[in-house]
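S.K.: need a structure here:
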Amino acid sequence: MDKSHIERISAWIIQRGLGGASETELLHGFCQKCQAVGLDLSRALALIDTLHPVYEGRAFRWRNDGVEEEPVLEYGRTHDGEAAANWQRSVFYHMLTTERDEVRLKLGQGETAGFLNLETLQEAGHTDYLALVHRFASDGAIGDMDCFYSHWATSRPEGFSEAGLAAMRTLVPQLALAIKCASLTRIASTLVEVYLGRDAGQRVLSGRISRGVADRINAVLWFSDLRGYTSITDTAAPDEVIPLLNDYADAVISSIHEAGGDVLKLIGDGTLAIFKAGDPGDACRCALRAEASLRERLKILNARRSAEERPVTSVYLGLHIGDVFYGNIGSEDRLDFTVVGPAVNEVSRIASMCRSADRGVAMSSDFVAATLPEDRKDFVSLGRFALRGVGRAQELFTLDPAIY
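M.R.: So this is what the prediction gives:
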């Protein structure tokens, strides 16, 4: 590999990085480019931590032997248990704790240093191994994403040439920068979707961040909260409150997402969500599907929590449909992407009537009128109610108690 080869691969990394290539595309393309100019790579791994509520980071893999394997691995926390033990046996952990940037081991000559998985590489016929860590400055780190790890192996009988090693030392930092950019894009998408919701998050990422910019939309509104939440928190052990909220929020949010809805707000034990569709009847059907799914999830959840002798509860749900403004509201320094309008107030009031009517679901007459005829067979009237803060009394409906 000569200087012109390095320059061409460098230009390719820049072009693909700026073009928005994924981490996998960058790693695989880089290895193939190196192979094409005589750097005989046989195995590669790139690893970078992330900012995610579940995963600690992601590993990207490449191999030249045609064996099928998952090109991307998402790994959990490495702070305790078997994951911590494996991490502490890795060459990367050794490099971090000894402040080394590079480790080279000639596997063909028996050098494995006892590191995790290196004997496996050696037995598979790999002859040389290079591990690199490229650290980020503190201003360039986000959470645990403070460096880029990579390792490289060859099956070439003579191992890596000095020219090949020099090329890797020049090119891998550029690859690290491109992969970091791809990972930051992924982090941004994850954060806005986790904290704003899927649809709102995508709207923000597409540039909808100006204060006061809002769309008028017609949507099904979902507002739910937990039955007896205040009394539960007054009597339950303090360390039971957050697990309880997480268990029931997971049931509610999963049901909404699977049915095509978007969660906009978590307000203590309450959840505000919307369902949009080209036809109002389809949006209502999605909301009803989410309610049915939630009912089944709650049966399973409550059975598990009861067996564990932990507090159990159920969910009150209000369903309504109407026009709302959907967009950015707030100050120049703090914006919220949400829905506002009289219909939002109404759906929260409708949900609160579940307590008075002793039912788990309350639906507005507007929601019922918008549903498809075949979806109304299990609806029964609760009577007319005056909703606090709403000018007109209205008839509310629920699901036939016989189906619960």
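S.K.: end to end, how far does stretch 358-368 reach?
M.R.: End-to-end distance for stretch 358-368, by CA to CA, to the nearest Å: 19 Å.
S.K.: ranges for the strands of the stretch 101-250 of the chain?
M.R.: Under the criterion DSSP state E, counting those that start in this stretch, the stretch 101-250 of the chain contains strands at 102-105, 128-135, 147-154, 214-226.
S.K.: swap that for the stretch 301-404 of the chain, sorry
M.R.: Listed in chain order, the strands of the stretch 301-404 of the chain (DSSP E, counting those that start in this stretch) span residues 315-330, 335-340, 361-364, 379-385, 394-399.
S.K.: of these, flag the one that's most buried.
M.R.: Ranked by mean neighbour count, the strands of the stretch 301-404 of the chain are led by strand 361-364 with a mean of 26 (mean count of other CB atoms under 10 Å). Every residue, glycine included, has its C-beta placed from N, CA and C.
S.K.: that one packs against which elements?
M.R.: Strand 361-364 sits against strand 315-330, helix 342-357, strand 394-399, with contacts defined as 3 or more CB pairs under 8 Å, 6 or more residues apart in numbering; DSSP states H and E.
S.K.: now do the last one: distance to the chain's middle.
M.R.: Spelled out, that is strand 394-399. From the chain centre to the centre of strand 394-399 is a distance of 36 Å (CA atoms, centre = their mean, to the nearest Å).
S.K.: convert it to CSV, retaining C-alpha atoms only.
M.R.: The C-alpha coordinates for strand 394-399 follow below in CSV (Å, rounded to 0.1, in the frame of the first residue of the first chain):
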residue,chain,number,x,y,z
GLN,A,394,-72.1,15.3,26.6
GLU,A,395,-72.9,11.6,26.4
LEU,A,396,-70.0,9.3,27.2
PHE,A,397,-69.6,5.6,26.2
THR,A,398,-67.7,2.7,27.5
LEU,A,399,-67.0,-0.9,26.3
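S.K.: now the helices for the stretch 51-200 of the chain?
M.R.: Ranges of helices in the stretch 51-200 of the chain, per DSSP state H, counting those that start in this stretch, are 81-88, 91-98, 118-123, 162-196, 198-205.
S.K.: how about the last one: buried residues?
M.R.: Going back to what we said before, that points to helix 198-205. For helix 198-205, a neighbour-count test (16 or more other CB atoms under 10 Å) marks 198, 199, 200, 201, 203, 204, 205 as buried.
S.K.: pretty sure the third one contacts residue 262?
M.R.: Meaning residue 200. Yes: between residue 200 and residue 262 there is a contact at 6.8 Å, judged by CB atoms under 8 Å.
S.K.: and of the helices of the stretch 51-200 of the chain, who's closest to residue 15?
M.R.: Closest approach to residue 15 among the helices of the stretch 51-200 of the chain (CB to CB): helix 162-196, 9.7 Å.
S.K.: mind putting the helices and strands packed on strand 361-364 in a markdown table, mean pLDDT included?
M.R.: What follows is those, written out as a markdown table (pLDDT from 0 to 100):
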| stretch | mean pLDDT |
| --- | --- |
| strand 315-330 | 92 |
| helix 342-357 | 91 |
| strand 394-399 | 92 |
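S.K.: just send those back as JSON lines, with distance to residue 151 too.
M.R.: Output for the helices and strands packed on strand 361-364, formatted as JSON lines (distance: least, CB to CB, whole Å):
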{"stretch": "strand 315-330", "distance to residue 151": "45"}
{"stretch": "helix 342-357", "distance to residue 151": "53"}
{"stretch": "strand 394-399", "distance to residue 151": "57"}
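S.K.: which one of the ones you listed lies closest to residue 219?
M.R.: Of the helices and strands packed on strand 361-364, nearest to residue 219 by CB to CB is strand 315-330, at 6.1 Å.
S.K.: returning to what we had before: can you say which of the helices and strands packed on strand 361-364 is nearest to residue 93?
M.R.: Evaluated over these, closeness to residue 93 peaks at strand 315-330, with 43.6 Å, by CB to CB.
S.K.: paired strands for the closest one, with orientation please.
M.R.: Using DSSP bridges, the strands paired with strand 315-330 in its sheet are strand 214-226 (antiparallel), strand 335-340 (antiparallel), strand 361-364 (parallel).
S.K.: quick one: buried residues of the first one?
M.R.: Within strand 214-226, the residues scored as buried using 16+ other CB under 10 Å are 214, 219, 220, 221, 222, 223, 224, 225, 226.
S.K.: nearest to residue 94 among the residues you listed?
M.R.: When the buried residues of strand 214-226 are compared against residue 94 (criterion: CB to CB), the nearest one is residue 226, at 48.1 Å.
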